[in-house]
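**Student:** pasting the structure only:
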């Protein structure tokens with residue numbers, strides 16, 4: 001274990017020898033950029049709402065304008081955030097010659113992409129990949145620009161069937177996108193090294209992905225300032241935030 005910014009020797013050795021690297025990122029990665037985690041307390045207008053009650057098919061069916069307004073507000077928070085040095089370090093590592101680095105994220109934002117990385121999978125969906133709630137047709141539109149939160153915003157209608165356009169995220173009670181999950185499992189199993197960065201390990205089935213790697217004998221390294229559900233099964237844990245640990249690691253790789 002390490003609590004410093006100096007790369008632990010055993011982790012650096014694994015990273016230096018790895019040519020196929022899979023990085024699994026969670027809410028802590030985005031939180032370091034100022035994006036509130038999903039379970040963070042809401043403020044202002046949304047303070048009286050439990051986010052888990054707004055992110056369900058039932059909430060959408062009951063009041064789509066309320067859900068749409070909440071996601072428009074969340075999107076404004078994402079747009080106001082910038083990739084931190086950890087995001088940038090992953091993009092730099094991914095660009096190294098001879099390195100096959102694959103990123104699978106539980107985050108629905110676009111911070112990895114804005115940092116310059118190619119993302120293999122958004123296992124909990126993509127906030128910006130809007131689609132029709134009825135026919136599933138993708139919608140090439142954006143959210144309304146929201147400076148201050150509002151209680152209701154009418155969703156846009158689908159150009160194909162007239163249904164309502166919904167966020168491209170996975171709501172509670174919905175299955176993960178099958179291809180994204182399978183691609184993430186295969187990337188973990190085929191890797192020489194798996195890094196689990198900023199995830200609590202509480203949300204299944206995404207939290208099971210490191211276990212698929214471990215079952216194949218792939219070393220699993222956790223980067224997280226706090227102990228998580230991943231810690232017990234990780235081969236090594238580095239107690240540092242992603243924004244400090246990842247740049248230190250990539251810099252040490254040369």
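**Tutor:** Sure thing, it's come through. This is a predicted model, so every value here is computed, not measured.
**Student:** Helices of the protein, start to end?
**Tutor:** 9-17, 27-31, 51-54, 57-62, 64-79, 85-94, 111-115, 178-190, 209-215, 242-253 (DSSP state H).
**Student:** For the stretch 101-250 of the chain, which residues score under the pLDDT cut-off?
**Tutor:** Scanning the stretch 101-250 of the chain for pLDDT under 70 picks out no residues.
**Student:** Nearest to residue 145, out of the helices of the chain?
**Tutor:** Of all these, helix 64-79 sits nearest to residue 145, with 7.3 Å by CB to CB. Any C-beta I mention is one placed from the backbone N, CA and C, and that applies to glycine too.
**Student:** So for the closest one, mean pLDDT?
**Tutor:** Average pLDDT, helix 64-79: 92.
**Student:** in the protein, which residue is closest to the centre?
**Tutor:** residue 107 (2.0 Å; CA atoms, centre = their mean).
**Student:** how about JSON lines for the helices of the chain, with mean neighbour count added?
**Tutor:** Shown next, in JSON lines, are those (neighbours: other CB atoms under 10 Å):
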{"stretch": "helix 9-17", "mean neighbour count": "15"}
{"stretch": "helix 27-31", "mean neighbour count": "24"}
{"stretch": "helix 51-54", "mean neighbour count": "15"}
{"stretch": "helix 57-62", "mean neighbour count": "14"}
{"stretch": "helix 64-79", "mean neighbour count": "20"}
{"stretch": "helix 85-94", "mean neighbour count": "22"}
{"stretch": "helix 111-115", "mean neighbour count": "20"}
{"stretch": "helix 178-190", "mean neighbour count": "18"}
{"stretch": "helix 209-215", "mean neighbour count": "19"}
{"stretch": "helix 242-253", "mean neighbour count": "21"}
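**Student:** Turn those helices into JSON lines, columns for distance to residue 129.
**Tutor:** Formatted as JSON lines, the helices of the chain follow (distance: least, CB to CB, whole Å):
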{"stretch": "helix 9-17", "distance to residue 129": "31"}
{"stretch": "helix 27-31", "distance to residue 129": "17"}
{"stretch": "helix 51-54", "distance to residue 129": "19"}
{"stretch": "helix 57-62", "distance to residue 129": "16"}
{"stretch": "helix 64-79", "distance to residue 129": "12"}
{"stretch": "helix 85-94", "distance to residue 129": "19"}
{"stretch": "helix 111-115", "distance to residue 129": "12"}
{"stretch": "helix 178-190", "distance to residue 129": "11"}
{"stretch": "helix 209-215", "distance to residue 129": "21"}
{"stretch": "helix 242-253", "distance to residue 129": "24"}
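**Student:** which one of those lies closest to residue 167?
**Tutor:** helix 64-79 (4.6 Å).
**Student:** What are the contacting residues of the closest one?
**Tutor:** 34-36, 46, 49, 54-55, 59-60, 109-111, 127-128, 133, 143-147, 149-155, 164, 166-167, 169 (CB atoms under 8 Å, 6 or more residues apart in numbering).
**Student:** 7 Å instead?
**Tutor:** 35-36, 46, 54, 59-60, 109, 127, 143-144, 146, 149-155, 164, 167 (CB atoms under 7 Å, 6 or more residues apart in numbering).
**Student:** what does stretch 204-224 give?
**Tutor:** Contacts of stretch 204-224 (CB under 7 Å, 6+ apart): 11, 14, 24, 28, 104, 106, 123-124, 176, 181, 184-185, 188-189, 191, 193-198, 201, 228-231, 233-238, 240, 242, 245.
**Student:** Between its first and last residues, how far does it reach?
**Tutor:** Start and end residues of stretch 204-224 are separated by 18 Å (CA to CA, to the nearest Å).
**Student:** That stretch: how far from the chain's middle?
**Tutor:** Centre-to-centre, stretch 204-224 and its host chain are 15 Å apart (CA atoms, centre = their mean, to the nearest Å).
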